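Trainee: 3D, please:
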Amino acid sequence: MRNRTVAAFAACALLLPGLALAQGKNFPDHPLKFVVPFTAGGNADVVARIVAQGMTEVLKQSVVVDNKPGANAMIGAEFVARSPADGYTLLEATAETHAINPHIYRKVPYDAIKDFAAVGVMDYFPFALVANPKLPVQTLAEFVAYAKQRPGKLSFSSWGVGSTSQIAFEQFKQTAGLDLLHVPFQGAAQAVTAVSAGQVDAFFVPLSVAVPQAKSGRVKPLGTTTAARAASAPDVPTFSEQGYPLVIGGWHVIVAPKTVPKEVLARLNQALNEALRRKEVREALLKQGLEPANTTTAEADKMLQSEWQRWGKIAKDASITVD
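Mentor: Here you go, the predicted structure:
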């Protein structure tokens, strides 16, 4: 009886690689869920929907965007971390979910490094500082001078405590020696609306959101965090050329639960990169001021670990902690 049991286990072990390979070849056979841990309408949501449509066409199965905002993106991230590792539930990872939260929150309901496997990087993007159109400033230097004359009187918005938008602004505050009040919102759309309405004075927003808002006159762009002027905003000077050497940006990465089969992970990576090479997807991302990526799963994993260290240092230097 014992020999039969051992033989049965051995046979199963021999079958497992073949089953995994078959699973990879047949994947996907039903729609996928793509969790965006932010509200609809913001930078992350726009990117996810562009890429999801491209992957839908490649995979011949629907990639459905599912917004699960809250707790600085931790609600959506935890949902995916606890989902079955079959490749059908994916997360749009950002600096918040994978590089900042682990350093500023005492309790994070997932391990950013151990609980996820990277599928690939979708894009990279810079920030822009925008101000309320009625604020009596036209340049970054004028904004700095105006704020210094009113310490603690001006405010800046963000899409959450510990978000990249807050930390980028905190870094700018330290560089320029400013004192402004932080007003967090639940998403980029609400935060930029507060600026355009005059409820808040300024905001570090993804350039992809700043450009259309500026064209409509809803906000006033004062500078970008790019190394050189952005093609989508050639008239907006960089922080560096205005005397503030601040070059900082964000990114969006697709991740899956950690133990997803390698063959499925490889198929997802192939589908992502093929989608990003499609003309309509590239043009849609570039139009939004985003730089499409093309990475392997290993490269994406390495990038996430590097960003975990980089943003962690920025958050620590800014003394940002949340109970």
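
Trainee: strands of this structure, start to end?
Mentor: 32-36, 63-67, 89-93, 116-131, 155-158, 181-184, 202-206, 220-224, 249-257, 291-292 (DSSP state E).

Trainee: export the fifth one to PDB, keeping only CA atoms.
Mentor: In other words, strand 155-158. Taking C-alpha atoms only, strand 155-158 is exported to PDB below (Å, rounded to 0.1, in the frame of the first residue of the first chain):
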ATOM      1  CA  SER A 155      -2.100  74.800   0.600                       C
ATOM      2  CA  PHE A 156      -1.400  71.900  -1.700                       C
ATOM      3  CA  SER A 157      -3.500  68.900  -2.600                       C
ATOM      4  CA  SER A 158      -2.600  65.300  -3.200                       C
END
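
Trainee: residues near residue 113, how many?
Mentor: 13 (other C-beta atoms under 10 Å). Where you see a C-beta, it was placed from the backbone N, CA and C, and this is true even at glycine.

Trainee: quick one: residues contacting it.
Mentor: Residues in contact with residue 113 (C-beta atoms under 8 Å, 6 or more residues apart in numbering) are 304-305, 308.

Trainee: now the most centrally placed residue in the chain: how far from residue 106?
Mentor: Closest residue to the average C-alpha location of the chain: residue 94 at 3.0 Å, with C-alpha atoms, centre = their mean. When distance is defined by C-beta to C-beta, to the nearest Å, residue 94 is 20 Å away from residue 106.

Trainee: next: residue 245.
Mentor: Residue 245 sits 33 Å away from residue 106, taking C-beta to C-beta as the criterion.

Trainee: the more surrounded of the two?
Mentor: When residue 245 and residue 106 are compared for neighbours, residue 245 comes out ahead with 11 against 7, by other C-beta under 10 Å.

Trainee: before we move on, the earlier item: surely the residue nearest to the centre of the chain touches residue 42?
Mentor: No. Judged on C-beta atoms under 8 Å, residue 94 makes no contact with residue 42 at a distance of 10.7 Å.

Trainee: give me the number of residues near residue 131?
Mentor: Residue 131 is surrounded by 24 other residues when neighbours are defined as other C-beta under 10 Å.

Trainee: who does it form a beta bridge with?
Mentor: Beta-bridge partners recorded for residue 131 (DSSP bridges): residue 202, residue 220.

Trainee: that one touches residue 220, doesn't it?
Mentor: Yes. Residue 131 sits in contact with residue 220 when judged by C-beta under 8 Å, with a separation of 4.8 Å.

Trainee: identify the contacts common to the two.
Mentor: Contact with both residue 131 and residue 220 is made by residues residue 137, according to C-beta under 8 Å, 6+ apart.

Trainee: now, of the contacts of residue 113, which are buried?
Mentor: Burial by neighbour count, judged by 16 or more other C-beta atoms under 10 Å, picks out 304, 308 from those.

Trainee: that'll do, ta.
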